[in-house]
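*Asks:* From the sequence below, what's the structure:
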Amino acid sequence: MNVSYRFVVIAAIFVTCLITANTIAVKLISIGTISLPAAVIVFPISYIFGDILTEVYGFRWARRVIWLGFACNLVFVFFAWVGQLLPAASFWENQTAYETILGYTPRLLAASFAGYLVGEFANSFIMAKMKIRTKGRQLWARTIGSTLVGQGLDSAIFIIIAFAGTAAFAPVLIIYHWLAKTGIEVLATPLTYTAVNWLKKKEGIDTYDYQTSFNPFAIQN
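*Replies:* Residues are numbered from 1 along each chain as shown. From the prediction side, this is the model:
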């Protein structure tokens, strides 16, 4: 497949949503009596675009974008860390605020990266397999079904690695994260349908992963 500008735009939005989510996740917001990270409003969008990538371009290209997102996030975290180490100007009084927002701990980084990779690959794998099984029908079932598994794994892995053994750990947080993220996916289903149908028409493709290797570390096939 020749890469089109539309594919590049989708990949760019996917990566931007991922980095944005990891940046704003430090702020907690209240939804009624439930506290959730602000990232809950943007991270599900990366899953929506992940669904679009897999549905239109196939698992092979979605895999590349998932790894691209991982690499770009790693670059961002590295330079945020370097910025933290650089000596502050004598008149600059926001070093503590900088460290609070961008001073990621190794444990939180490990939780974020592990949850992202497992969740995104599970989401894309299920999306591709269900497309073959349903012969391309019932897109809504594929997007919601894959998100239920992907977001569930992501939420569970992140919260367990990040907070297990601490006072902040509560298994119910996994359910709150999972339901909130999946709910956004459900609400966005009409937009997903519109984007998928438009892209298939413009690109002239509708990929089925019959011969694709689902090894997340495969490079070509």
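*Asks:* Nearest residue to the middle of the chain?
*Replies:* Ser46 (4.4 Å; Cα atoms, centre = their mean).
*Asks:* for the protein, what spans make up the strands?
*Replies:* Here the chain has its strands, by DSSP state E, at 28-31, 34-37.
*Asks:* What pairs with the last one, parallel or antiparallel?
*Replies:* I take that to be strand 34-37. Strand pairing for strand 34-37, determined by DSSP bridges: strand 28-31 (antiparallel).
*Asks:* quick one: average pLDDT of the strand it pairs with?
*Replies:* On average, the pLDDT along strand 28-31 is 82.
*Asks:* contacts for that strand?
*Replies:* Residues from elsewhere that reach strand 28-31 (Cβ atoms under 8 Å, 6 or more residues apart in numbering): 35-38, 40, 180. (Each C-beta comes from the backbone N, C-alpha and C, glycine too.)
*Asks:* ok, the residue nearest to the centre of the chain - contacts?
*Replies:* Contacts for Ser46 (Cβ under 8 Å, 6+ apart) come out as 14, 17-18, 21, 69, 120.
*Asks:* Please identify which of these is nearest to Asp206.
*Replies:* Among those, Phe14 lies closest to Asp206 (Cβ to Cβ), at 19.8 Å.
*Asks:* any idea what sits nearest that closest one, other than its immediate chain neighbours?
*Replies:* Phe49 (4.3 Å; Cβ to Cβ, 6 or more residues apart in numbering).
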